[in-house]
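Chemist: got a predicted model here, sequence first, then my questions.
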2 protein chains.
Amino acid sequence: MSDLEALQKNVRRLQSRAGNAKMALHDLAEDLPVNWTEIKAVAEKTFDAFAELHAAKTELAAWERSQ
Amino acid sequence: MSDLEALQKNVRRLQSRAGNAKMALHDLAEDLPVNWTEIKAVAEKTFDAFAELHAAKTELAAWERSQ
């Protein structure tokens, strides 16, 4: 697998994970006050997923600029 | 205002605040990845609102049991 392919694959993987985390946070918010004690844990997971996706996209963009 | 009325008023006030916080978290989750950097701050505010509401309800229940 080329560098580009590896970076693209990583972005797709993290995009899928961020999509799932978004849904989890959305469902939690919709069902509140049920599971209100879980808010911080679910939000942290969602934040981490989007932060990693952001980093992977930045890395891919930097790679493309460098070519 | 009696103790009971004050406790009930506090619960209503915090219930309204928790409702607003729930909507804010729900809207944030719906609009992701827009404002993904705000996830933790919005979630913390929502958590605090539900924690305070929970405490106020517990206090009211304890007062009612003591009568």
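Modeler: Now that the structure is in, tell me what you want to look at.
Chemist: near chain B at all, stretch A:7-23?
Modeler: Yes - residues of stretch A:7-23 contacting chain B under CB under 8 Å from any CB of the partner chain: A:Ala18, A:Lys22. In short, each C-beta sits where N, CA and C put it, glycine included.
Chemist: buried stuff in that stretch?
Modeler: A:Leu7, A:Gln8, A:Asn10, A:Val11, A:Leu14, A:Arg17, A:Ala18, A:Ala21, A:Lys22 (16 or more other CB atoms under 10 Å in any protein chain shown).
Chemist: which residues sit against that stretch?
Modeler: A:1, A:45-46, A:48-50, A:52-53, A:56-57, A:59-60, A:63, B:29, B:32-33 (CB atoms under 8 Å, 6 or more residues apart in numbering or on different chains).
Chemist: list the buried residues in stretch A:53-67.
Modeler: Buried residues in stretch A:53-67 (16+ other CB under 10 Å): A:Leu53, A:Ala56, A:Lys57, A:Leu60.
Chemist: now those residues as TSV including pLDDT?
Modeler: What follows is the buried residues of stretch A:53-67, written out as TSV (pLDDT from 0 to 100):
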residue	pLDDT
A:Leu53	98
A:Ala56	97
A:Lys57	97
A:Leu60	96
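Chemist: closest to B:Gln67 out of the contacts of stretch A:7-23?
Modeler: Set against B:Gln67, the nearest of the contacts of stretch A:7-23 by CB to CB is B:Ala29 (41.2 Å).
Chemist: check contacts around the residue of chain A found nearest chain B.
Modeler: Proximity of chain A to chain B (CB to the nearest CB) peaks at A:Ala43, 3.2 Å away. Under the criterion of CB under 8 Å, 6+ apart, the contact list for A:Ala43 reads A:Leu25, B:Leu25, B:Ile39, B:Lys40, B:Val42, B:Ala43, B:Glu44.
Chemist: thank you kindly, that will do.
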